[in-house]
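>>> From the sequence below, what's the structure:
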Amino acid sequence: MDIIIPVILLFALLAIGTPVGFTMAIVGAIGLYQLLGYDAMIGVLTTAPLSAANSYEMITVPMFLLMAEFVIISGLADSLFGAAAAWVGRVKGGLAMATALAGAGFGAIAGSSTAAAATLSSTTVPSMLKQGYEPRFACGVVAISGTLAMLIPPSVALVLYGLIADVNIGRLLVGGVIPGILVTLTIILTIWLLVRLYPDAAPNSESHTWHEKLAVLKTVGPLLFLFAAVTGVIYSGIATPTEASAIGALGAFILAVKKKNFSFTVFRHAIVRATQTSCMVLMIIMGAQIFGYFIALTHVTQDMVAWIHALDVSRWVVIAIVLAGLIVLGCFMDQIAILFLTVPILVPLIKAYGFDPLWFGVIMIVTAELGMVTPPVGMNAFVISRYTGRPLTEIFRGVSPHILAHLVIIVILVAFPQIITWLPDTMK
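Numbers count the residues shown, from 1 in each chain. Reported below is the predicted structural model:
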């Protein structure tokens, strides 16, 4: 009974648009007051925020966000689609495949699914429509390609999961590499199948000479090198994720400085945007810390694990129910909010059933991202509809084949956990 009223209040506040960090802090404080009284509540409110923020690993978040801002300033992010189009352009549906590759590249920059969807909508959709692509097909590709942002390392979502679940962040980031490549290839394969089943969905694209291909590769080469370097120093053990994030931010700053219109005003705007996003994430972390104290006192996690064990069902049934719930939550909530609300409860559960928390972290990101494109309230679909002016029903219809393909990939990742754990296990 101690948990019922606070949980109702939690969802009520989220429903009226209260920021997630403040919502969890308010509900957690009320729950603590309900259980322990005023003095204990004040004690937690006094110590919990500092405890949450005073973490060396937390530096990773603002550094990766700053890296993203500097890369966007450099203009190289806008070149990703052109470079990908030059290399796969002659294939039927090549521009759509280039969108998937650009989504993977932008995912390594932004770490935000909605930001990736917005950027791809304003750049790739007009190009595809101009070439004669079916609008439903084009928008569906952009919607699903935007979901790569939270999985492709360096991923802020994986960093946050590591902080919440107390899982090695370096191993998590490396663990996202092969699934990220696999999901990207799945999108491309789905496009290839769709244009063969429905030839009118995409026209034949123009081919490019080797000179043009090498020229565009030279343009985005520094960007590819930067991402490879950041992931490489983590994998090799040369640097910690925190140090690697600083290296990435410095490298991105150098790329931005080389841009002709770089100025102090542009620099200041990048710092401000990264700071604002970092403060938002930090507020969510502090709110989650307060809410976590309350959840721990209610023993809801232990009770839930005991209750599920009493059902005597297969652990695969349990993981299927968990993943289905994450897909549903992803339809209505931001991925960062989902992480902070569910990880403290789900990780003890999956550990009790013998699952690897590193494996589960990657699976969780892939699954929750799928919720961004599923009706009724897939956030990416709304973003694309806003930027393109296309109806929501058209976008949901366009992305539906990709949803089915992603479900297959999730099943594969669940059935073969080595896909996720093999590369981290080879780290030094």
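>>> just checking, residue 152 touches residue 173?
No: using CB atoms under 8 Å, residue 152 is not in contact with residue 173; the gap is 9.9 Å. Bear in mind the C-beta positions are built from the backbone N, C-alpha and C, glycine included.
>>> Skipping adjacent residues, who's closest to the residue nearest the centre of the chain in space?
Nearest residue to the geometric centre of the chain (CA atoms, centre = their mean): residue 150, 1.6 Å. Spatial nearest neighbour of residue 150, chain neighbours left out: residue 157 (4.2 Å); criterion: CB to CB, 6 or more residues apart in numbering.
>>> cool, and residue 329?
That would be residue 338: by CB to CB, 6+ apart, it lies 5.1 Å from residue 329.
>>> what about the helix or strand where the one you found lies, distance to the chain center?
In the assignment (DSSP states H and E), residue 338 maps to helix 335-352. Centroid separation for helix 335-352 versus its chain: 15 Å, with CA atoms, centre = their mean, to the nearest Å.
>>> Then stretch 358-374?
So, by CA atoms, centre = their mean, the centroid of stretch 358-374 is 8 Å from its chain's centroid.
>>> how about the CA coordinates for that stretch, as CSV?
Taking C-alpha atoms only, stretch 358-374 is exported to CSV below (Å, rounded to 0.1, in the frame of the first residue of the first chain):
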residue,chain,number,x,y,z
LEU,A,358,25.6,-5.8,-19.5
TRP,A,359,23.6,-7.9,-22.1
PHE,A,360,20.4,-6.7,-20.6
GLY,A,361,21.5,-3.0,-20.9
VAL,A,362,22.0,-3.2,-24.6
ILE,A,363,18.8,-5.2,-25.1
MET,A,364,17.0,-2.6,-23.1
ILE,A,365,18.2,0.3,-25.2
VAL,A,366,17.3,-1.5,-28.5
THR,A,367,13.8,-2.4,-27.2
ALA,A,368,13.0,1.0,-25.7
GLU,A,369,14.1,2.7,-28.9
LEU,A,370,11.6,0.6,-30.8
GLY,A,371,8.9,2.3,-28.8
MET,A,372,9.9,5.6,-30.4
VAL,A,373,8.3,4.4,-33.7
THR,A,374,5.3,2.4,-32.5
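>>> what ranges of the stretch 151-300 of the chain fall below the confidence cut-off?
204-213 (pLDDT under 70).
>>> tell me the helices in it, going along the chain?
In the stretch 151-300 of the chain, the segments counted as helices under DSSP state H, counting those that start in this stretch are 156-165, 169-175, 177-197, 210-236, 241-257, 264-298, 300-311.
>>> So which of the ones you listed is nearest residue 99?
helix 177-197 (8.6 Å; CB to CB).
>>> Quick one: list the elements packing against whichever strand or helix holds residue 96.
Assigned by DSSP H and E, residue 96 belongs to helix 94-110. In terms of contacts (3 or more CB pairs under 8 Å, 6 or more residues apart in numbering; DSSP states H and E), helix 94-110 is packed against helix 60-74, helix 76-88, helix 113-131, helix 135-146, helix 177-197, helix 210-236.
>>> Please produce CSV containing those helices, extended by distance to residue 408 and mean neighbour count.
Shown next, in CSV, are these (distance: least, CB to CB, whole Å; neighbours: other CB atoms under 10 Å):
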stretch, distance to residue 408, mean neighbour count
helix 60-74, 30, 25
helix 76-88, 22, 21
helix 113-131, 20, 21
helix 135-146, 13, 29
helix 177-197, 8, 19
helix 210-236, 26, 16
